[in-house]
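> Okay, here's the prediction I keep looking at, along with the sequence it came from:
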Amino acid sequence: MPRIDIKEASGRNTLAFLDMLAWAELGTDYLRRSNDGYNVIVTGIDGELELFTDYSTHPFAGGRRSKLINRRGLTSNASGRYQQMLRHWPHYRKLLKLPDFGPISQDKLAIRHVKECRALPDVVAGRIVEGVAKCRNIWASLPGAGYNQREHHIDDLIPQYLAAGGVLA
């Protein structure tokens, strides 16, 4: 469950959308074995769950090299519940005045991405298919993202959204 206040998130459907995104990015097992995903570092080719403990900033902000995630040489530094990239962190930390990379900051950043995709009105209204389509360029696990990574089908995402308390339009 997201840590951000329901009002600040623009309602229950947004919280459910965030839960759905976390499931899509991490999966149930990683959510269960971590701090609800807030401390997960992208899985490398070794397939091992890696967690971070310092929420003061993005785990790769100190110069840590990105992880190799496939044999073709693809690397990533995605981290946290919504697998947020380091390249976005400095800008959004300043813009949103985020004090750290803690759970509420991660929630705020994810919602900001949804807003910038012009998907928040769809999400709030329960138009999840439309919201997912508008956000697919941010999250590689969404259908049609095109990042040559595992993508979930919308028919798998909707039950996750509903289970998290979301209501469809």
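It's in. Computed from a predicted model, the values in this text were never measured in an experiment.

> I figured R150 was touching S141, is that so?
Yes: R150 lies in contact with S141 (Cβ atoms under 8 Å); the separation is 6.4 Å. In short, each C-beta sits where N, CA and C put it, glycine included.

> can you give me the strands for this protein?
40-41, 50-51, 67-68, 75-76 (DSSP state E).

> Tell me which of those strands is the most buried.
Each of those was scored by mean neighbour count; the highest is strand 40-41, a mean of 24, by mean count of other Cβ atoms under 10 Å.

> Check which helices and strands that one is in contact with.
For strand 40-41, the elements it packs on are strand 50-51, judged by 3 or more Cβ pairs under 8 Å, 6 or more residues apart in numbering; DSSP states H and E.

> For A9, find the nearest of the strands of the chain.
Shortest separation from A9 across those is recorded for strand 40-41, at 20.7 Å, computed as Cβ to Cβ.

> before we move on, back to that, would you turn the strands of the chain into TSV with distance to D19 and mean pLDDT?
Conversion of the strands of the chain to TSV gives the following (distance: least, Cβ to Cβ, whole Å; pLDDT from 0 to 100):
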stretch	distance to D19	mean pLDDT
strand 40-41	15	94
strand 50-51	19	93
strand 67-68	25	90
strand 75-76	22	90
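
> circling back to that earlier point, show me which of R150 and S141 is the more surrounded one.
Regarding R150 and S141, a neighbour count based on other Cβ atoms under 10 Å identifies S141 as having more, with 20 against 11.

> so that one sits right up against E25, yeah?
Yes: using Cβ under 8 Å as the test, S141 is close enough to E25 to be in contact (5.1 Å).

> now the strands of the chain as CSV including distance to P59?
As requested, the strands of the chain are arranged in CSV below (distance: least, Cβ to Cβ, whole Å):
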stretch, distance to P59
strand 40-41, 6
strand 50-51, 9
strand 67-68, 10
strand 75-76, 12
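
> so Y38 sits right up against Q83, yeah?
No: under the criterion of Cβ under 8 Å, Y38 lies out of contact with Q83, with a separation of 11.2 Å.

> where exactly do the helices run in the chain?
With DSSP state H as the criterion, the chain has helices at 12-26, 28-32, 89-95, 103-116, 120-125, 128-135, 154-163.

> Can you add mean neighbour count and distance to A169 and give these back as a markdown table?
Formatted as a markdown table, the entries for the helices of the chain read as follows, by neighbours: other Cβ atoms under 10 Å; distance: least, Cβ to Cβ, whole Å:
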| stretch | mean neighbour count | distance to A169 |
| --- | --- | --- |
| helix 12-26 | 24 | 9 |
| helix 28-32 | 13 | 26 |
| helix 89-95 | 14 | 29 |
| helix 103-116 | 21 | 16 |
| helix 120-125 | 20 | 5 |
| helix 128-135 | 21 | 8 |
| helix 154-163 | 16 | 12 |
